[in-house]
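need a 3D model of the following:
(one chain, ligands or ions: 1)
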Amino acid sequence: MTTSTRGAAKAPAVLVLEDGRIFRGRAYGAVGETFGEAVFSTGMTGYQETLTDPSYDRQIVVATAPQIGNTGWNDEDDESGRIWVSGYVVRDPARVPSNWRSTRSLDDALVGQGVVGICGIDTRALTRHLRERGSMRAGIFSGEAIAAEPELLARVQAQPHMKGASLYEEVATREAYVVPAVGEKRFTVAAIDLGIKGMTPHRMAERGIEVHVLPATATADEVYAVGPDGVFFSNGPGDPATADGPVALMTEVLERRTPLFGICFGNQILGRALGFGTYKLKYGHRGINQPVQDRTTGKVEVTAHNHGFAVDAPLDKVSDTAFGRAEVSHVCLNDDVVEGLQLLDQPAFSVQYHPEAAAGPHDAAYLFDRFVSLMEGQRA
Ligand SMILES: NC(=O)CC[C@H](N)C(=O)O
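Numbering: from 1, shown residues only. Got it, this is the predicted structure:
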């Protein structure tokens with residue numbers, strides 16, 4: 001529920017965490033109330049891409065960068081048709097945005113879409129709290145939504161957990177659509193939309209791929225009806241342990257040995273299809289400067305991340321799976337979390353992070369070329 005809006009920046013607001021910690025600040029964006037999992041993102045740029053990433057559905061995002069909104073909001077950088085975060089927490093919002101592409105302020109964009117936020121709180125203390133205690137449920141209340149603390153806390157504690165949440169169907173397209181290849185068409189890819197970011201089909205289209213984006217509930221018949229050279233599984237919100245439908249579909253794709261690429265949620269689904277488990281990280285990886293090593297080349301890349309879950313696969317041995325040998329291809333150098341998987345006996349691989357990242361960095365863009373090579377190899 002949100003009520004009014006503009007000029008509301010001075011209304012009092014309160015952020016309530018499920019463990020009882022409370023931060024008091026001022027309303028930012030819409031005034032009202034909202035709930036979600038409080039998570040922090042360390043990106044210093046790219047807030048527009050972050051807020052419109054469907055993988056942030058039902059999450060209250062805390063920006064660790066202290067000044068947010070400086071470049072306003074433009075008509076080009078959205079990753080989807082709307083803002084998906086359920087709430088936004090910033091320390092010091094820009095009073096006057098300045099950028100040649102900006103058409104309105106970030107505050108106006110939040111107000112326009114009814115997204116409740118809070119500003120003027122100590123985001124460093126909040127981030128340290130989430131890092132020590134882990135991501136947790138939270139609520140933001142402003143204006144008339146503010147009530148006695150025990151009441152607000154009880155409402156936060158009544159919210160569903162992110163563990164066990166099935167959200168991908170809620171954010172995915174209902175209708176199939178096609179993103180045409182840029183220049184000469186070389187390949188057709190069926191992309192399963194579990195919360196796909198707009199930049200992903202674009203990065204494929206740039207490589208001569210015609211991308212058929214299909215709903216999360218697509219059947220194998222619908223996938224193969226487009227005559228795909230390869231199948232892609234996208235990023236998406238929620239707990240991968242709930243994604244039984246996409247795991248079953250991917251299993252069929254693997255049985256047919258069609259070239260396969262997955263990103264983020266898609267990596268977790270490949271993990272499950274291979275028989276590995278997934279688990280929730282304490283506070284996840286969200287930001288644009290995470291160091292990852294590609295173990296197939298030894299190279300280290302700086303990468304964009306947004307994940308709260310990870311695949312539980314052995315780092316130091318090749319695993320035998322229903323689809324032959326599999327190995328962990330990429331690993332996060334901060335904490336050894338599995339960041340990529342590849343099959344050694346058929347053309348399938350995935351990464352836990354974001355080679356498409358529009359706000360950058362672009363070190364991992366080669367992964368789209370790797371997908372193209374797999375499709376070329378299958379044709380040869
Ligand atoms: N960006 C994503 O695809 C996120 C995947 C999953 N929801 C997670 O949090 O780990």
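
show me the contacts for the closest residue to Pro54 other than its chain neighbours.
Computed as C-beta to C-beta, 6 or more residues apart in numbering, the closest residue to Pro54 that is not its neighbour in sequence is Gly195, at 3.6 Å. C-beta: built from backbone N, CA, C; applies to glycine. The contact partners of Gly195, by C-beta atoms under 8 Å, 6 or more residues apart in numbering, come to 53-55, 57, 167-168, 171-172, 234-237, 265.

among the residues you listed, name the buried ones.
53-55, 57, 167-168, 171-172, 234-237, 265 (16 or more other C-beta atoms under 10 Å).

output those as JSON lines; include the columns pLDDT, distance to the ligand and secondary structure.
Converted to JSON lines, the buried ones among the contacts of Gly195 look like this (pLDDT from 0 to 100; distance: C-beta to the nearest ligand atom, whole Å; DSSP: H, G, I helix; E, B strand; the rest coil):
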{"residue": "Asp53", "pLDDT": "98", "distance to the ligand": "7", "secondary structure": "coil"}
{"residue": "Pro54", "pLDDT": "98", "distance to the ligand": "8", "secondary structure": "helix"}
{"residue": "Ser55", "pLDDT": "98", "distance to the ligand": "3", "secondary structure": "helix"}
{"residue": "Asp57", "pLDDT": "98", "distance to the ligand": "9", "secondary structure": "strand"}
{"residue": "Leu167", "pLDDT": "98", "distance to the ligand": "8", "secondary structure": "coil"}
{"residue": "Tyr168", "pLDDT": "98", "distance to the ligand": "8", "secondary structure": "helix"}
{"residue": "Val171", "pLDDT": "98", "distance to the ligand": "10", "secondary structure": "helix"}
{"residue": "Ala172", "pLDDT": "97", "distance to the ligand": "12", "secondary structure": "coil"}
{"residue": "Ser234", "pLDDT": "98", "distance to the ligand": "7", "secondary structure": "coil"}
{"residue": "Asn235", "pLDDT": "98", "distance to the ligand": "3", "secondary structure": "coil"}
{"residue": "Gly236", "pLDDT": "98", "distance to the ligand": "5", "secondary structure": "coil"}
{"residue": "Pro237", "pLDDT": "98", "distance to the ligand": "5", "secondary structure": "coil"}
{"residue": "Phe265", "pLDDT": "98", "distance to the ligand": "4", "secondary structure": "helix"}
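
confidence score at Thr303?
With respect to pLDDT, Thr303 scores 98.

three-state assignment of it?
Look at Thr303: counting by DSSP: H, G, I helix; E, B strand; the rest coil, its state is strand.

what bridges to it?
Counting by DSSP bridges, Thr303 forms beta bridges with Gln290.

kindly report the same for His307.
For His307, the beta-bridge partners under DSSP bridges are His285.

and the residue nearest to Pro54, that's in a strand?
No: Gly195 is assigned coil when assessed by three-state DSSP, not a strand.

and the pLDDT at it?
Here the pLDDT value assigned to Gly195 is 98.

and it, how far is that from Val171?
As defined by C-beta to C-beta, to the nearest Å, Gly195 lies at a distance of 4 Å from Val171.

name the residues contacting each of these two.
Each of 54, 57, 236-237 lies in contact with both Gly195 and Val171 under the rule C-beta under 8 Å, 6+ apart.

hang on, the earlier thing: of all the buried ones among the contacts of Gly195, which comes closest to Leu17?
Taking C-beta to C-beta as the measure, Leu17 lies nearest Asp57 of the buried ones among the contacts of Gly195, at 19.6 Å.

Glu170 is in contact with the closest one, correct?
Yes: Asp57 sits in contact with Glu170 when judged by C-beta atoms under 8 Å, with a separation of 6.7 Å.

which neighbours do the two share?
Common neighbours of Asp57 and Glu170 (C-beta under 8 Å, 6+ apart) are Pro237.

can you tell me the element the residue nearest to Phe233 when sequence neighbours are not counted falls in?
Spatial nearest neighbour of Phe233, chain neighbours left out: Gly266 (3.2 Å); criterion: C-beta to C-beta, 6+ apart. Using DSSP states H and E, Gly266 falls within helix 265-273.

just give me the neighbour total for the residue nearest to Glu149 when sequence neighbours are not counted.
Nearest non-adjacent residue to Glu149, counting by C-beta to C-beta, 6+ apart: Ile22, 6.3 Å away. Neighbourhood size, Ile22 [other C-beta atoms under 10 Å]: 12.
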